[in-house]
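> whatever this is, show me its structure:
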Amino acid sequence: MHRSYNSYNPVASKLLQKRWDENRFDKHRRHVDIARPEIDSSPPVTFMHLHLKLKKLQLEEERLATIERDNRILLEKMSNTMRTKGQLDNKNDVVFKSLSRGRREREMLRIAKENMNMLKRIHNKKPAISTEKLDKDWKQTLKLMDNISAFPEDWYKKEKSQSNPSFKYKKPLTDFFPFCTNPLGMQICCPLA
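Just a heads-up that it's a prediction; the model follows:
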C-alpha cells in the first residue's frame, strides 16, 4: 500500500512518509474535535424573573379578590332584599363636623354687629345738605330757564296736540308747477317753465 502512496514532496521512503502524514492528520483531526468555537452561538441565558412576572400576577390576584369580595357583598344584599321586602338604605346618618365652625359663627356675629352699629350711625347722622334748600334752588333755576328761553316751557306738547302743519294745504301740484307738453303730446311737469 505504501507503494501506491504519493507524497506531495519528493521523499526517500514512502512508507515512513505515509506514517508521518497519517499521524499528522490524526493529530489535526483530534485538535479539530476538541477545538472550541471563537464565536459564541449558544442562546442567551434566560432569567425567570423576566418571563414569570410575579408582581403582575400578584396585582391580578388582588384585583380578582377585590372583584370577588364586591360580588359576594352585592349577592348578600340582593339575597337579603329577596328574602325580606327590602329597606330604604339611602339614608346617611353621618353628621359633618367642621373644626372651624364655632370660629366662623363668632366672626359672622361680630360682622353683623358691626354692620348694625354702622347702620344706626348712618340713620342717626343729620344730613349735611338740606333738601328744602335743594328744592328752592331748583325752582329758581326753572324760573331763570323760563325767562331766557325763546319758546314756552311745554311748546313741544302743544305742537303734538295740534294737527300736523305739513298736511294743511291740499292743493293739486298743478297750482305749483305748470305743465308743458312733450313731442308725443303727453303732459309733463316743468318746474322751470
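
> report all helices and strands that the strand or helix carrying residue 147 contacts.
Per DSSP states H and E, residue 147 falls inside helix 131-148. Applying 3 or more Cβ pairs under 8 Å, 6 or more residues apart in numbering; DSSP states H and E, we find helix 131-148 packed against no helix or strand. (C-beta placed from N, C-alpha, C; glycine too.)

> contacts for that helix?
Counting by Cβ atoms under 8 Å, 6 or more residues apart in numbering, helix 131-148 makes contact with residue 153, all of which sit outside it.

> how does it look with 10 Å?
130, 152, 153 (Cβ atoms under 10 Å, 6 or more residues apart in numbering).

> give me the neighbour count for the last one.
Put plainly, it is residue 153. 10 (other Cβ atoms under 10 Å).

> ok, it - contacts?
By Cβ under 10 Å, 6+ apart, the contact set of residue 153 is 142, 145, 146.

> also residue 26?
Contact analysis of residue 26 by Cβ under 10 Å, 6+ apart lists nothing.

> the chain should start at 25 in everything you say after this.
Done: numbering now begins at 25, and the last item shifts to residue 50.

> any idea how far residue 56 is from it?
In this view, residue 50 and residue 56 are 11 Å apart by Cβ to Cβ, to the nearest Å.

> which secondary structure elements does the biggest helix by length in the chain contact?
As assigned by DSSP state H, the longest helix anywhere in the chain is helix 78-107. Contact here means 3 or more Cβ pairs under 10 Å, 6 or more residues apart in numbering; DSSP states H and E; on that basis helix 78-107 packs against no helix or strand.

> so after that helix, what's the next helix or strand?
Using DSSP H and E, the helix or strand that follows helix 78-107 towards the C-terminus is helix 125-148.

> pull the residues that contact that next one.
Counting by Cβ under 10 Å, 6+ apart, 122, 124 sit against helix 125-148.

> quick one: buried residues of it?
Neighbour counts over helix 125-148 (16 or more other Cβ atoms under 10 Å) mark no residue as buried.

> mind exporting the C-alpha coordinates of that helix to CSV?
Presented in CSV, the C-alpha positions along helix 125-148 are these (Å, rounded to 0.1, in the frame of the first residue of the first chain):
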residue,chain,number,x,y,z
ARG,A,125,-67.4,76.2,62.6
GLY,A,126,-67.5,78.0,66.0
ARG,A,127,-64.9,80.5,65.0
ARG,A,128,-66.7,81.2,61.7
GLU,A,129,-70.0,81.7,63.5
ARG,A,130,-68.4,84.1,66.0
GLU,A,131,-66.8,86.0,63.1
MET,A,132,-70.2,86.3,61.3
LEU,A,133,-71.9,87.6,64.5
ARG,A,134,-69.1,90.2,65.0
ILE,A,135,-69.5,91.4,61.4
ALA,A,136,-73.3,91.5,61.8
LYS,A,137,-73.0,93.6,65.0
GLU,A,138,-70.6,96.0,63.3
ASN,A,139,-73.0,96.4,60.3
MET,A,140,-75.9,97.1,62.7
ASN,A,141,-73.9,99.7,64.6
MET,A,142,-72.8,101.3,61.3
LEU,A,143,-76.5,101.4,60.1
LYS,A,144,-77.6,103.1,63.3
ARG,A,145,-74.8,105.7,63.0
ILE,A,146,-75.9,106.4,59.4
HIS,A,147,-79.6,106.8,60.4
ASN,A,148,-78.8,109.0,63.4
